[in-house]
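J.: here are the coordinates; sequence isn't available:
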């Protein structure tokens with residue numbers, strides 16, 4: 001299910017970029033995809049049961065419920081990712 005991974009990655013990148021509205025839209029697309037999978041035959045075709053999907057979806061929804069977009073700093077204001085200095089080579 002690489003397309004589901006792509007939706008999750010898109011949501012993650014939108015959230016990390018600091019674009020709140022785009023992050024919320026991306027998360028909604030991911031939620032909709034999970035709900036669509038629960039209704040369709042996808043998991044049964046892969047040999048998985050609906051209870052596994054229901055539990056996974058429930059966990060995701062609980063996690064998203066507490067996602068506060070105000071907690072994410074704007075990368076431009078923080079200077080982006082902090083990088084570690086290169087390790088000194090011995091020898």
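T.: Cool, got the structure. Predicted model, so just to flag it, every value in this text is computed and none were measured. Residues are numbered from 1 along each chain as shown.
J.: Quick one, grab the pLDDT at residue 6.
T.: At residue 6, the model reports a pLDDT of 90.
J.: Could you look up the SS state of the residue nearest to the spatial centre of the chain?
T.: For the chain, the residue sitting closest to the mean C-alpha position, by Cα atoms, centre = their mean, is residue 8 at 3.8 Å. What DSSP: H, G, I helix; E, B strand; the rest coil gives for residue 8 is helix.
J.: Might you report the residue contacts of the residue nearest to it when sequence neighbours are not counted?
T.: In this structure, residue 8 finds its nearest non-sequential neighbour in residue 30, 5.6 Å apart by Cβ to Cβ, 6 or more residues apart in numbering. (C-beta placed from N, C-alpha, C; glycine too.) Contacts for residue 30 (Cβ atoms under 8 Å, 6 or more residues apart in numbering) come out as 4, 7-8, 10-11, 60.
J.: Just the buried residues out of those, in ChimeraX syntax.
T.: Buried members of those, defined by 16 or more other Cβ atoms under 10 Å, are picked up in ChimeraX with:
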select :7,8,10,11
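J.: In TSV: the contacts of residue 30, plus distance to residue 26.
T.: As requested, these are exported to TSV (distance: Cβ to Cβ, whole Å):
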residue	distance to residue 26
4	13
7	7
8	9
10	5
11	4
60	13
